[in-house]
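Dropping the sequence and predicted coords here.
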Amino acid sequence: MVGPYQFKRPSVFRSFSRRRLPSLGVGFLTYHYGYFIVSTLVASGILWGANNPRGGLAYVDALFLSVSAMTLAGLNTVDLSTLNTFQQLILFSQLLFGSSVFVSIAIVHIRRFAFEKRFAHLAADRLQLAALSKELRADGSRADVQIAPTNGVLEPPGDGMTISNAEFETPSAPGLHSRESAGQPDDFHIAQEATLDRRAVHRRDLDQKQRFELGGIEYRAIYLLSWLVPSYFILWQLLPGIAVGAWIATYRSSVTLANGLNPWWVGAFNVVSAFANSGMSLLDMNMVAFQDSYFVLVTMSLLILAGNTCFPVFLRLIIWTLSRFLPDSDYFRETIAALKFLLRHPRRCFTHLFPANHTWWLLGAVIVLNGTDWAAFEILNIGIPEIENLPIGARVIDGLFQAFAIRSGGFYVVPIAATRISLQALYVVMMYIGVYPVVITIRRSNEYLERSLGIYEGDDKDIGDDDTIYEHSRDAKKPILHFCASQIKAQLSNDIWFLVLVIWVIIVIEAKRIEADPRHFSVFNIIFEAVSGYGTVGVSTGYPGVNYSFAGEFKPLSKLVMCVIMLRGRHRGLPISLDKAVQLPSDIGENAH
């Protein structure tokens, strides 16, 4: 660890405020929407153009599938087994690139890049001041050029980071050191001339050791996350993909071959879909063929948790385990310090890493909600032939798997239409609130948001200009129930009007079908489908005689409305722009004023 880290807003960067990096925090939602809209339009064109025979897949269906895969909604208007391998591969890639874990990887790397770019600017400014001091001495001037802060530590943007001055000392400034006297080449390969320009120093000119010294403990923590989260993303899908593929190839190959599919490909697709919490499956009957396949159901249940609601829980567990069991040697000392920093100040670095008490709260919420779904499945389905005919062990495991899948996973192990209507009504509620535990935890753990909501009592005007909220007591927090209630109220006011509007629009479009077949094309089924799409779940009541989702029976205009529903629903759980974990250093410095 390089120097102490402090919880004070860095004042030195006020002098550099004129040169800002592009703001990620202010336009984060816009960038996110742009990424999803552009990628779905491109992928839909490829899906439609790759169809063979030509015209077999309508463009509106290609667009629907593309939006559904990218937003992880998981609904499908055609059987995926009828698509060719290339089209299935396009959907597979969209499941990867639309995953919330993958998007969070991009955020971490953007922040790391922003820090490194700022380091290069800082290095150039320091070298320019050093060159000016040298020129003044050469001219016989005795002007005192103050370069380093009095405490010998220069703090870049972002609370908790420090900069060691060892790399920039000159003979006249205690915080700077000239390498010319030692006959050593300059570390940045740049001549220290009075005309030195910022553009002369590029982030690539700084090696990793220099970045660690400049960035201190917070940058080291972000750098660690930039490797840890991608490893989590890859290993959680690679290893189960091999295991599930091998199991299906050994014990259930006949099921996949009946759909004209390779068992290894089905295993890989299902694993990626489970981790992404999409629910898309290449098999026409989804997971019904695996009702008694305990290994597949348990593995995919863990993947559903790891890729969404329990991602913060598992990530914190991994970081805690590494911090406890890595050898306490010189080689790992800095890494352990960064791990402990992540455990103490998780929300300063990452959107989906929470303090211990918030993590326990999230885990408890997941257990309660999934336990409710599990118990409801077992109790409310008593007397249903499709459930009663299952062995006791399979019924228990199927109920547990369906509980994990209904809130976000999107798979179904028994046809939803075969379950009790009371259970289906509960599923509508669970699909709608599925995002709440993570969203509330993100916002509850975001001190910047808490301050803006008045959870920190006292007038902001009493806070010193160089202070941050980390220096103030948290004893004055209002109860968590007050915060949760305010967040739920805000979420409901933001969601309900939209859902009511789009459901009404679909009912207007499909009015004749509803009147002609009120039993199967019912208003409840439309509500179920819309909520499933908005919650990006993917569970559907279906329609008699077909295997695809109920939305497959909609008119083209209704399918387009569903695309809008899925796209908006994918953005429900995003951190707001005020969230520090999606801000660049320049944004943090700006908001601190």
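Arrived safely. All values derive from a computational prediction rather than experimental measurement. Numbers count the residues shown, from 1 in each chain.

Provide the count of other residues in contact range of Q88.
Counted with other C-beta atoms under 10 Å, residues neighbouring Q88 total 19. In short, each C-beta sits where N, CA and C put it, glycine included.

pretty sure it is in contact with T82, am I right?
No: here Q88 lies out of contact with T82, judged by C-beta atoms under 8 Å, at a distance of 10.0 Å.

For the stretch 1-150 of the chain, which segments count as helices?
28-49, 59-70, 85-98, 100-138 (DSSP state H, counting those that start in this stretch).

Any idea which of these gets closest to N262?
helix 85-98 (8.8 Å; C-beta to C-beta).

Name the residues of the closest one that are buried.
87-88, 90-92, 94-95, 97-98 (16 or more other C-beta atoms under 10 Å).

Contacts for that helix, please.
Here helix 85-98 makes contact (C-beta atoms under 8 Å, 6 or more residues apart in numbering) with 36, 39-40, 43, 46-47, 50-51, 57, 65-66, 69-72, 80, 83, 102, 265, 268-269, 272-273, 276, 278, 280, 282, 570.

residue ranges with poor pLDDT in this structure?
For the chain, the stretches with pLDDT under 70 are 1-26, 53-55, 116, 118-216, 443-493, 573, 575-593.

Give me the next element, helix or strand, following the longest helix anywhere in it.
When the chain is parsed with DSSP state H, its longest helix is helix 208-251. Following helix 208-251 in sequence order, the next helix or strand is helix 253-258 (DSSP states H and E).

could you flag which of the contacts of helix 85-98 are buried?
For these, buried by 16+ other C-beta under 10 Å: 36, 39-40, 43, 47, 50-51, 57, 65-66, 69-72, 80, 83, 102, 265, 268-269, 272-273, 276, 278, 280, 282, 570.

Disregarding residues adjacent in the polypeptide, which is nearest to P544?
H520 (5.8 Å; C-beta to C-beta, 6 or more residues apart in numbering).

what about the one you found, which SS state?
coil (DSSP: H, G, I helix; E, B strand; the rest coil).

these two touch, right, it and G545?
No: using C-beta under 8 Å, H520 makes no contact with G545, being 9.6 Å away.

the more surrounded of these two?
Comparing H520 with G545 by other C-beta under 10 Å, the one with more neighbours is H520, at 17 against 7.

Pull up the gap between the more buried one and V288, please.
19 Å (C-beta to C-beta, to the nearest Å).

Ok, K555 next?
28 Å.

Compare those two (neighbour count), which wins?
Shown here are K555 and V288; by other C-beta under 10 Å, V288 has more neighbours (18 against 14).

wait, what's in contact with that one?
412-415.

swap in I304?
274-275, 277, 404-405, 408-409, 411.

Who's the closest spatial neighbour of it, skipping the chain neighbours?
Nearest one to I304, counting by C-beta to C-beta, 6+ apart, is G409 at 4.0 Å.

swap in N259?
S81 (4.3 Å).

thinking that neighbour is in contact with N286, fair?
No: contact criterion C-beta under 8 Å: S81 and N286 do not qualify, at 11.2 Å.

So for the two, which residue has more residues nearby?
When neighbours are counted by other C-beta under 10 Å, S81 and N286 differ, and N286 comes out ahead with 27 against 17.

mind checking the SS state of the more buried one?
N286 ends up coil, using three-state DSSP.

count of residues packed around the spatially closest residue to it that is not a sequence neighbour?
Spatial nearest neighbour of N286, chain neighbours left out: Y412 (5.4 Å); criterion: C-beta to C-beta, 6+ apart. Residues within reach of Y412, counting by other C-beta under 10 Å, total 26.

helix, strand or coil for Y412?
Y412 is classified as coil under three-state DSSP.

Can you list phi and psi of it for me?
phi -140, psi 130 (degrees, to the nearest 10).

What of A338?
phi -70, psi -40.

ok, it touching Y219?
No: checked against C-beta under 8 Å, the pair A338 and Y219 is beyond contact range at 9.0 Å.

quick one: which of those two has more around it?
Y219 (29 against 26).

Name the nearest residue to the more buried one, ignoring sequence neighbours.
Y219 sits nearest to F115 (C-beta to C-beta, 6+ apart), 5.2 Å away.

Relative to A417, how far out is the one you found?
52 Å.

who has more neighbours, those two?
Legend: neighbour count by other C-beta under 10 Å for F115 and A417, higher for F115 (24 against 18).

contacting residues around the residue lying closest to S540 once chain neighbours are set aside?
In this structure, S540 finds its nearest non-sequential neighbour in S549, 3.9 Å apart by C-beta to C-beta, 6+ apart. By C-beta under 8 Å, 6+ apart, S549 lies in contact with 75-77, 529, 538, 540, 542.

could you redo the last one with a cut-off of 7 Å?
Contact analysis of S549 by C-beta atoms under 7 Å, 6 or more residues apart in numbering lists 75-77, 529, 540, 542.

now do L225
With contact set as C-beta under 7 Å, 6+ apart, L225 has these partners: 108, 349-350.

would you list those in JSON lines and tack on neighbour count and distance to F332?
Below are the contacts of L225 laid out as JSON lines (neighbours: other C-beta atoms under 10 Å; distance: C-beta to C-beta, whole Å):
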{"residue": "V108", "neighbour count": "22", "distance to F332": "21"}
{"residue": "C349", "neighbour count": "22", "distance to F332": "19"}
{"residue": "F350", "neighbour count": "24", "distance to F332": "21"}
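
Alright, calling it a day.
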